[in-house]
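Colleague: coords please:
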Amino acid sequence: MTGSTRSAAVIIIGGGLHGSSAALHLARAGVSALVIEKNYVGRHASGVNAGGVRTLARHLAEVPLALASRELWYRIGDLVDDDCGFEQHGQVRVAENAADVEALQTRLRTMTQHGYTHEAWISAEDLRDMIPAIAPTIQGGLIAREDAAADPYRTTLAFRTKAASLGARFLEGVRVDGVTHDGGQWRVETDAGTYTAPQVLNCAGAWADRIAAQWGEPVPLLAISPMMLVTLRMDHFLDPVVLGTGRALSFKQRTNGTVLIGGGRRAWVDRDAEWTELDFRSLAEGARTVCDLFPHMRNAIVNRGWAGIEAAMPDEIPVIGRSSRHETAFHAFGFSAHGFELGLIVGRIMADLITTGATDMPIAPFRIDRFSDANIASIPSKKEQGE
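Modeller: Reported below is the predicted structural model:
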């Protein structure tokens with residue numbers, strides 16, 4: 001590429017769902033972005049996650065964004081001309097014992113105190129009526145009846161396709177090596193040459209800390225690799241997504257009958273080599289949880305497993321917003337294995353910040369400078385968040 005094709009109004013580093021969503025929302029605002037992706041769109045976290053459209057059990061800081069994003073999900077077909085496999089059957093976090101009941105009741109009280117009503121208690125009897133295959137020992141749970149699920153890779157690709165149709169450009173297979181500010185322009189050095197733009201957005205996922213460090217904003221990012229399993233097709237037995245409380249679990253049956261099993265269990269990962277290896281001992285623990293909750297799953301046949309590469313932050317919430325050091329640089333990364341549902345609203349937030357300098361969403365808790373030495377001690381724990 002030569003001449004004007006090497007410049008853009010905005011350069012987005014990373015073509016996952018958040019980068020592609022930002023490109024789409026910018027295009028809808030009349031701003032053509034250039035998205036630079038080192039692999040292909042949806043290669044890592046965005047295309048290989050559990051696909052949960054989940055407001056249930058969110059960190060309190062994320063709840064307003066999750067609720068706003070869910071409203072966009074309800075109209076996903078209007079946004080990207082594809083329903084993205086969206087299915088709305090609710091999500092439920094189940095209690096296996098008295099300790100789980102107490103934890104979920106505490107969570108419910110916290111949500112009520114903050115004025116949120118989208119999470120509700122479901123009795124053991126009602127839960128078993130909803131999911132007859134679940135173990136009879138289940139003691140109830142928290143349910144978000146308006147939650148849903150979608151196909152992650154299909155969704156990410158739909159955002160890329162729609163954004164491109166409106167003027168966004170995507171460079172795939174191009175690796176960013178450095179990003180510097182010079183004379184009012186950002187210079188993005190890649191293995192395919194230099195690209196320039198007056199504004200830049202860091203959506204580089206598990207590699208985003210390296211971009212931030214170049215801007216003088218080091219962050220304690222950890223590359224993680226959540227594992228997923230999928231079974232062969234089974235007779236229909238489940239509509240809502242089931243989450244664990246005391247034990248890690250994300251469990252759903254897809255339309256084609258296969259069962260998707262996750263829950264955040266982690267593979268071994270080398271982000272430089274973009275390599276993962278499944279931890280079969282941890283997967284076996286997850287399988288035991290599945291069989292305890294759904295005894296008939298002892299007869300299920302696992303078809304395959306995989307793991308993506310994702311960025312986790314110490315407080316398990318993302319970095320969203322303007323750079324603390326550069327007026328024309330922005331961040332959206334570190335979604336800690338639960339960023340899929342948020343992708344729609346985060347793209348809109350970033351487009352608003354870039355085009356107008358402001359957003360109507362409460363993003364102060366996600367500022368990048370919360371990890372400075374002066375601020376790190378004030379980060380609340382999950383226990384303090386009622387989780």
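Colleague: and the pLDDT for the closest residue to R169 other than its chain neighbours?
Modeller: Across the structure, with CB to CB, 6 or more residues apart in numbering as the measure, the residue nearest R169 apart from its sequence neighbours is L34 (4.8 Å). Backbone N, C-alpha and C define where each C-beta goes, glycine included. Per-residue pLDDT puts L34 at 98.
Colleague: and the helix or strand containing D78, what's buried?
Modeller: Element membership of D78, judged by DSSP states H and E, is helix 76-80. Buried residues in helix 76-80, defined by neighbour count with 16 or more other CB atoms under 10 Å: 76, 79-80.
Colleague: okay if I get those as TSV plus pLDDT and distance to G51?
Modeller: Supplementary listing: the buried residues of helix 76-80 in TSV, determined by pLDDT from 0 to 100; distance: CB to CB, whole Å:
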residue	pLDDT	distance to G51
I76	97	12
L79	97	17
V80	98	15
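Colleague: closest to L142 out of those?
Modeller: Ranking these by separation from L142, with CB to CB as the measure, puts I76 on top at 24.9 Å.
Colleague: for the closest one, give me its contacts.
Modeller: I76 makes contacts with 82-84, 86, 150, 155, 344, as judged by CB atoms under 8 Å, 6 or more residues apart in numbering.
Colleague: so how do I select the buried members of the residues you listed in PyMOL?
Modeller: Selecting in PyMOL just the buried members of the contacts of I76, where the criterion is 16+ other CB under 10 Å, is done with this command:
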select buried, resi 82+84+86+150+155+344
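Colleague: show me which residues of stretch 158-177 are buried.
Modeller: Along stretch 158-177, the positions that meet the burial threshold by neighbour count (16+ other CB under 10 Å) are 158-164, 168-171, 174, 176.
Colleague: among those residues, pick out the one closest to F294, please.
Modeller: A158 (31.4 Å).
Colleague: surely that closest one and G77 touch.
Modeller: No - contact criterion CB atoms under 8 Å: A158 and G77 do not qualify, at 9.5 Å.
Colleague: mutual contacts of these two, please.
Modeller: Common neighbours of A158 and G77, counting by CB under 8 Å, 6+ apart, are C84.
Colleague: thought R54 was touching A144, still the case?
Modeller: Yes - contact criterion CB under 8 Å: A144 and R54 qualify, at 7.3 Å.
Colleague: shared neighbours of these two, anything?
Modeller: Here A144 and R54 have Q91 as joint contacts, going by CB under 8 Å, 6+ apart.
Colleague: show me where pLDDT drops low in this protein?
Modeller: The chain contains residues with pLDDT under 70 at 1-4, 373-387.
Colleague: how about the helices in the stretch 101-250 of the chain?
Modeller: Using DSSP state H, counting those that start in this stretch, the helices assigned to the stretch 101-250 of the chain run over residues 124-130, 152-165, 208-214.
Colleague: out of these, the one nearest W306 is which?
Modeller: For those, proximity to W306 was assessed by CB to CB; helix 152-165 is nearest, at 11.5 Å.
Colleague: so A197 touches W186, yeah?
Modeller: Yes - the pair formed by A197 and W186 meets the contact definition of CB under 8 Å, at 5.3 Å.
Colleague: ok so, going back, count of neighbours near the residue nearest to R169?
Modeller: 24 (other CB atoms under 10 Å).
Colleague: which strand or helix spans it?
Modeller: With DSSP H and E as criterion, L34 is part of strand 33-37.
Colleague: strand partners of that strand, parallel vs antiparallel please.
Modeller: Sheet pairing for strand 33-37, assigned by DSSP bridges, gives strand 10-13 (parallel), strand 169-172 (parallel).
Colleague: contacting residues for the spatially most central residue of the chain?
Modeller: With distances taken as CA atoms, centre = their mean, the chain has G339 as the residue nearest its mean C-alpha position (1.4 Å). With contacts defined as CB under 8 Å, 6+ apart, G339 is in contact with 17-18, 45, 310, 318, 346.
Colleague: TSV for those, including neighbour count and secondary structure?
Modeller: Below are the contacts of G339 laid out as TSV (neighbours: other CB atoms under 10 Å; DSSP: H, G, I helix; E, B strand; the rest coil):
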residue	neighbour count	secondary structure
L17	33	helix
H18	32	helix
A45	25	helix
E310	29	strand
P318	29	coil
V346	28	helix
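Colleague: the residue nearest to R169 pairs with what?
Modeller: I11, R169.
Colleague: that one is in contact with G19, isn't it?
Modeller: No - with contacts counted by CB under 8 Å, L34 stays clear of G19, the gap being 10.8 Å.
Colleague: quick check: neighbours shared by the two?
Modeller: I12.
Colleague: what does stretch 184-191 contact?
Modeller: The contact list for stretch 184-191, computed with CB under 8 Å, 6+ apart, reads 11, 13, 36, 171, 174-181, 194-200, 328-329.
Colleague: buried stuff in it?
Modeller: 186-188, 190.
Colleague: from these, which land in strands?
Modeller: The strands, defined by DSSP state E, take in 186-188, 190 from these.
Colleague: A311: neighbouring residues, count only.
Modeller: Other residues lying near A311 total 26 when counted by other CB under 10 Å.
Colleague: sweet, I'm off.
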